[in-house]
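>>> just to be clear, the model below is a prediction. Sequence and coordinates:
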Amino acid sequence: MAAACTSRARNMAPDQALQELMQGNGRFVGAAPVRVDSPAARAIEGQAPFAAILGCSDARVPVELIFNQGFNDLFVVRVAGNIIGPNELASLQYAALHLRVPLIMVLGHTFCGAITAALVPKEERTKEPAAIQRLLQQIDPALAQMDASAPLAERVASAVAANAQRIVVQLKTESALRRLVRDKRLLIAGAVYDLHSGRVALLPEQDQWCH
Ligand SMILES: [Zn+2]
């Protein structure tokens, strides 16, 4: 994690970075040719991503592919349920502070297995290894407002969005990132990838939770 990496930052504005990402997803779902990197792009010595993505480990959500991006474009952190523990936070802090990415996106996805597992009755969870139980506990706070009487599919969809939005708020209020957000040098956005359509939809901001 050498500080020397900072000199390679792309100086892209947060809005531009978000636009580039969403346009890439448009290329992915559309008929436009998928971009291919030259060998030279792969040989770049320093990192210069224009966005950091906190995504789920789910094999159906390969981050670079769904945004139609190539080598050195995205700094990707993937963990089941796109949760934020100390290691994920440290990785995103590194991307923002040292690589100076102007955008962090928290990317949930439809039919997330980790979110679905967090919604099953608590007694079922005790059959899982301790580490899995701990991971699911990190999703629990996002489920607090759930309507328990709603059908499971509906609850999963709401929980996917609530989990991503909650993490966005957590990141925005985190001391190392808060100043960058306030100075409009860093945008932190939540989004959901739809497994069926391939589209990424931005989630509404939940600024009211920031105070
Ligand atoms: Zn998932």
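Cool, the structure landed.

>>> quick one: the strands in this protein?
Here the chain has its strands, by DSSP state E, at 51-55, 74-78, 103-109, 187-193, 200-202.

>>> distance check, Phe71 against the ion.
To the ion, Phe71 is 25 Å away according to Cβ to the ion, to the nearest Å. (C-beta placed from N, C-alpha, C; glycine too.)

>>> format the strands of the chain as CSV; extra columns: mean pLDDT.
Formatted as CSV, the strands of the chain follow (pLDDT from 0 to 100):
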stretch, mean pLDDT
strand 51-55, 98
strand 74-78, 97
strand 103-109, 98
strand 187-193, 98
strand 200-202, 98
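
>>> columns distance to the ion and mean neighbour count on top of the ones you listed, output as TSV?
Below are the strands of the chain laid out as TSV (distance: least, Cβ to the ion, whole Å; neighbours: other Cβ atoms under 10 Å):
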stretch	distance to the ion	mean neighbour count
strand 51-55	8	26
strand 74-78	9	20
strand 103-109	6	26
strand 187-193	9	23
strand 200-202	14	16
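
>>> so for Ala32, which of those sits nearest?
For the strands of the chain, the distance to Ala32 is smallest for strand 200-202, at 15.5 Å, taking Cβ to Cβ.

>>> give me the sheet partners of the closest one and which way each runs.
Sheet pairing of strand 200-202 (DSSP bridges) gives strand 187-193 (antiparallel).

>>> which residues does the partner strand contact?
With Cβ atoms under 8 Å, 6 or more residues apart in numbering as the test, strand 187-193 has contacts from 14-15, 17-18, 55, 61, 66, 102-110, 160-161, 164-165, 167-168, 171-172, 177, 181, 199-203, 206.
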